[in-house]
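1. Coordinates for the following, if possible.
(one chain, ligands or ions: 1)
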Amino acid sequence: MEFFLDTASLDEIAAARKQGLIDGVTTNPTLLSREGGDWQEQARKICDTVDGPVSLEVVGTKAEDMVREAEHLVTFGNNVVVKIPMIAEGLVATRELEARGIRTNVTLVFSAMQALLAAKAGATYVSPFVGRLDGIGQSGMEVVSQIRTIFDNYGMNTKILVASVRSPNHVLEGALLGADVATVPYKVITQLTQHPLTDSGLEAFLNDWKKLTE
Ligand code: E4P
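-> Coordinates of the predicted model:
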């Protein structure tokens with residue numbers, strides 16, 4: 001399973017890269033607006049820093065506007081993946097962009113049928129938002145499981161990118177279900193490395209070693 005970092009923060013990207021923990025980055029308009037400043041400059045810097053795919057999202061809602069924005073976004077780096085919202089116009093844009101060799105990530109996916117439509121349009125990635133589904137009392141992971149089954153049934157190559165991750169458990173369940181990628185906030189990436197028994201075990205080993213050598 002690949003790990004993407006769900007952020008527009010260069011500091012978070014630098015920290016996660018140092019630990020060798022990320023294969024790519026996903027941003028969205030909210031994450032970029034949180035950073036403030038010139039979003040284009042920020043997005044270009046992210047593309048320069050990250051070796052793997054960087055998802056940058058369009059904000060148009062008409063297919064022609066999305067395609068025009070995508071043409072601009074891909075000038076930021078050859079690792080850009082264009083995020084397209086899962087609406088009817090988005091499917092038109094996805095089909096056209098993929099036909100031109102521009103990779104897409106269909107975002108704001110909340111059902112397996114939406115994912116199937118995105119895959120039929122040729123999307124490189126689909127992003128089911130598991131945390132937001134859990135937040136309204138539905139099961140995000142059930143949707144991921146359904147998408148996995150459908151894609152396997154028909155040999156579809158579109159990658160399942162688990163998004164809106166809230167906890168290490170979302171990453172674990174995504175991995176068990178065979179999702180291709182999880183895009184993870186920095187806080188959750190940090191939690192993935194930790195376990196209280198590791199900390200107490202290490203403390204005991206170090207104390208015992210001190211007793212032996214003092
Ligand atoms: C995915 O690419 C999105 O950026 C992200 O996971 C959105 O999740 P949220 O529910 O934390 O906003």
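2. Tell me where this protein has strands.
-> 2-6, 24-26, 54-57, 80-85, 104-109, 125-128, 159-162, 181-184 (DSSP state E).
3. Including mean pLDDT, distance to the ligand and mean neighbour count, could those go into a markdown table?
-> For the C-beta atoms, the positions are set from N, CA and C on the backbone; glycine is no exception. Below are the strands of the chain laid out as a markdown table (pLDDT from 0 to 100; distance: least, CB to the nearest ligand atom, whole Å; neighbours: other CB atoms under 10 Å):
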| stretch | mean pLDDT | distance to the ligand | mean neighbour count |
| --- | --- | --- | --- |
| strand 2-6 | 98 | 5 | 23 |
| strand 24-26 | 98 | 4 | 25 |
| strand 54-57 | 98 | 6 | 27 |
| strand 80-85 | 98 | 7 | 25 |
| strand 104-109 | 98 | 6 | 27 |
| strand 125-128 | 98 | 5 | 28 |
| strand 159-162 | 98 | 7 | 25 |
| strand 181-184 | 98 | 5 | 26 |
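4. of the ones you listed, which approaches residue 40 most closely?
-> Smallest distance to residue 40 across the strands of the chain (CB to CB): 9.7 Å, for strand 54-57.
5. Partner strands of the closest one and their direction?
-> Strand 54-57 pairs in its sheet with strand 24-26 (parallel), strand 80-85 (parallel), by DSSP bridges.
6. Same list, the ones you listed, but as JSON lines with distance to residue 96 please.
-> Putting these into JSON lines (distance: least, CB to CB, whole Å) gives the following:
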{"stretch": "strand 24-26", "distance to residue 96": "22"}
{"stretch": "strand 80-85", "distance to residue 96": "10"}
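7. so which of those gets nearest residue 103?
-> The closest of the strands paired with strand 54-57 to residue 103 is strand 80-85. By CB to CB, the value is 4.5 Å.
8. relative to strand 2-6, how tilted is that closest one?
-> If you take axes from the mean of the first three to the mean of the last three CA atoms, to 10 degrees, strand 80-85 sits at 70 degrees to strand 2-6.
9. Let's have the strands of the chain in CSV, adding distance to residue 209.
-> Formatted as CSV, the strands of the chain follow (distance: least, CB to CB, whole Å):
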stretch, distance to residue 209
strand 2-6, 33
strand 24-26, 40
strand 54-57, 44
strand 80-85, 48
strand 104-109, 48
strand 125-128, 46
strand 159-162, 40
strand 181-184, 34
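10. Might you enumerate the residues of the protein proximal to the ligand?
-> Counting by CB under 6 Å from any ligand atom, the residues of the chain close to the ligand are 6, 26, 28, 55, 107, 127, 129, 131, 132, 163, 164, 183.
11. Quick check, central residue of the protein?
-> By CA atoms, centre = their mean, the chain has its centre lying nearest to residue 183, at 3.1 Å.
12. dump the residue contacts of it.
-> Applying CB atoms under 8 Å, 6 or more residues apart in numbering to residue 183 gives the contacts 3, 4, 5, 6, 26, 55, 127, 161, 162, 163, 165.
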